[in-house]
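1. Generate a structure from the sequence data that follows.
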Amino acid sequence: MEAVSSLISRVEEKGFIRGFKVLGRRGEGVSVSYLLFADDTLLFCEDNRNQLEFWKWIVYCFEVVSGLKINMQKSEIIPVGGVEDLDRAAAVFGCKVGNLPTTYLGLPLGVSHNSCRVWDGVEERFKRKLATWKTQYLSKGGRLTLIKSTLSNLPIYFISLFVIPRKVRLRLEKIQREFLWGDLEERRKLHLVRCAVICKYKRHGGLGLRHLKDFNHALLGKWLWRFSLERESFWRKVIVGKFGEEEGGWTTREVRESYGMCLWKNIRKGWEEFFLRTSIRIGNGSRTRFWWDTWVGDSKLKDLYPLLFRNAIHNSAVVADL
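-> Sure, this is the predicted structure:
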């Protein structure tokens, strides 16, 4: 895949192809022409016959150089927005025409992530697993082990990126509770302990089951952590190009737009809570805001010394500036 990446980059530098630009609030942004994941590739192209022809030649060159064959019968061309003469575009590559919404690498594209329908696949996998286990005799300990090792891990792929809707979360937790207490379709059993107690750590008197809401917040917070560390990663450059970043580069500016922004917007909402649970190591002071960040004790200097803050000429200065 390094070969095709190098080939595309050189052709793009010459101006023969153009991807799409992730535009930010000031008209700036990052250009995206392709995405690679293992043996799966996404190509982005304008609605332009010449560019389609160049993309076709890139594909041919890759096949000749690598000796590999790209299966066009398994490939799709998916229009985004208004595309003229889509059949002609598909004929250039000899592939079939797809449409949005669709699924890529198991995740939904072009559909609202808040929709409960998106999570139907996760719930179905829950039920399929339980269908095989319910026919076997399992002790409470066995059920608890299976919930921890399998059921709790089934939605990780989704909840590591999307906020789980409340209705979906309650349904999945209900499935886990019923399996733990041995509920069957024709016979219900009493739940002897509240779910809130079961989800506590063992040292606090619980069974250590994961509470999906808290687990979801923790996984989304991992993106906030990676944002501040992976400063050269491509995904971060795309996010910054779209939303900009606050001084210090710890996070982006607050996302206020509504349409099409919910993915990062929902992750960004957890920043204040996340930041309260972190501490700053000063280093050279170029990424730490003197007044706004908590770097001396447990409070911000603007709160400790409000009069000085109001009179400061540069109240957004970093520690290195002062």
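
2. any idea of the mean pLDDT for the host helix or strand of Lys174?
-> Lys174 belongs to helix 166-181 when elements are defined using DSSP states H and E. The predicted model assigns helix 166-181 a mean pLDDT of 85.

3. Repeat that for stretch 57-76.
-> For stretch 57-76, the per-residue pLDDT values average out at 85.

4. Show me the contact partners of it.
-> Defining contact as C-beta atoms under 8 Å, 6 or more residues apart in numbering, one finds that stretch 57-76 is touched by 3-4, 7-8, 11, 17, 93-98, 102. For glycine as for every other residue, the C-beta is placed from the backbone atoms N, C-alpha and C.

5. can you do 7 Å?
-> Under the contact criterion C-beta atoms under 7 Å, 6 or more residues apart in numbering, stretch 57-76 has outside partners Ala3, Val4, Leu7, Ile8, Val11, Phe93, Gly94, Cys95, Lys96, Val97, Gly98.

6. Of the residues you listed, just say which sits nearest to Phe243.
-> Closest approach to Phe243 among these (C-beta to C-beta): Ile8, at 26.1 Å.

7. After the helix or strand where Phe62 lies, which helix or strand is next?
-> Secondary structure assignment for Phe62, by DSSP H and E: helix 49-66. Toward the C-terminal end, the helix or strand that comes next after helix 49-66 (DSSP H and E) is strand 76-77.

8. continuing past that following strand, what's the next helix or strand?
-> Using DSSP H and E, the next helix or strand after strand 76-77 towards the C-terminus is helix 86-93.

9. avg pLDDT for the helix or strand following that next one?
-> The helix or strand immediately downstream of helix 86-93 is strand 96-97, counting by DSSP H and E. Throughout strand 96-97, pLDDT has a mean value of 87.

10. what domains does the record give for this structure?
-> Residue ranges for each domain of the chain read 2-99, 116-210, 281-322, as given by automatic domain parsing.

11. In a markdown table, list those domains along with distance to Leu107 and mean neighbour count.
-> Output for these, formatted as a markdown table (distance: least, C-beta to C-beta, whole Å; neighbours: other C-beta atoms under 10 Å):
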| stretch | distance to Leu107 | mean neighbour count |
| --- | --- | --- |
| domain 2-99 | 11 | 13 |
| domain 116-210 | 7 | 14 |
| domain 281-322 | 32 | 14 |
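
12. nearest to Cys262, of these?
-> domain 116-210 (8.4 Å).

13. okay, how far is it across that closest one, tip to tip?
-> 21 Å (C-alpha to C-alpha, to the nearest Å).

14. quick check, distance from that domain to the centre of its chain.
-> 23 Å (C-alpha atoms, centre = their mean, to the nearest Å).

15. likewise stretch 285-294?
-> For stretch 285-294, the gap between its own C-alpha mean and the chain's C-alpha mean amounts to 28 Å (C-alpha atoms, centre = their mean).

16. nearest residue to Arg287 other than its sequence neighbours?
-> The shortest distance from Arg287 to any residue other than its chain neighbours is 4.3 Å, reached at Gly248 (C-beta to C-beta, 6 or more residues apart in numbering).

17. The one you found and Trp292, how far apart?
-> Taken as C-beta to C-beta, to the nearest Å, the spacing of Gly248 relative to Trp292 amounts to 9 Å.

18. what's the answer for Val122, then?
-> Val122 is 39 Å from Trp292, by C-beta to C-beta.

19. Distance to Leu68 added to the contacts of stretch 57-76, as CSV?
-> Formatted as CSV, the entries for those read as follows, by distance: C-beta to C-beta, whole Å:
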residue, distance to Leu68
Ala3, 10
Val4, 9
Leu7, 13
Ile8, 15
Val11, 18
Phe93, 16
Gly94, 17
Cys95, 17
Lys96, 21
Val97, 24
Gly98, 23
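
20. Farthest pair within those?
-> With distance counted by C-beta to C-beta, no two of these lie farther apart than Ala3 and Val97, which are 28.1 Å apart.

21. re earlier: three-state assignment of the residue nearest to Arg287?
-> Using DSSP: H, G, I helix; E, B strand; the rest coil, the secondary structure recorded for Gly248 is coil.

22. Test my guess that it contacts Phe290.
-> No: between Gly248 and Phe290 there is no contact, the gap being 10.5 Å when judged by C-beta atoms under 7 Å.

23. any shared contact partners between these two?
-> Both Gly248 and Phe290 are contacted by Val318, under the criterion C-beta under 7 Å, 6+ apart.

24. right, and out of the contacts of stretch 57-76, which lies closest to Val240?
-> When the contacts of stretch 57-76 are ranked by distance to Val240 (C-beta to C-beta), Ile8 comes first, at 22.5 Å.

25. Now do Lys167 against Arg25, distance only.
-> Noted for Lys167: a distance of 34 Å to Arg25, by C-beta to C-beta.

26. mind checking how far the residue nearest the centre of the chain is from Ser112?
-> Residue closest to the mean C-alpha point of the chain, counted by C-alpha atoms, centre = their mean, is Leu161 at 3.4 Å. Relative to Ser112, Leu161 is positioned 14 Å away (C-beta to C-beta).
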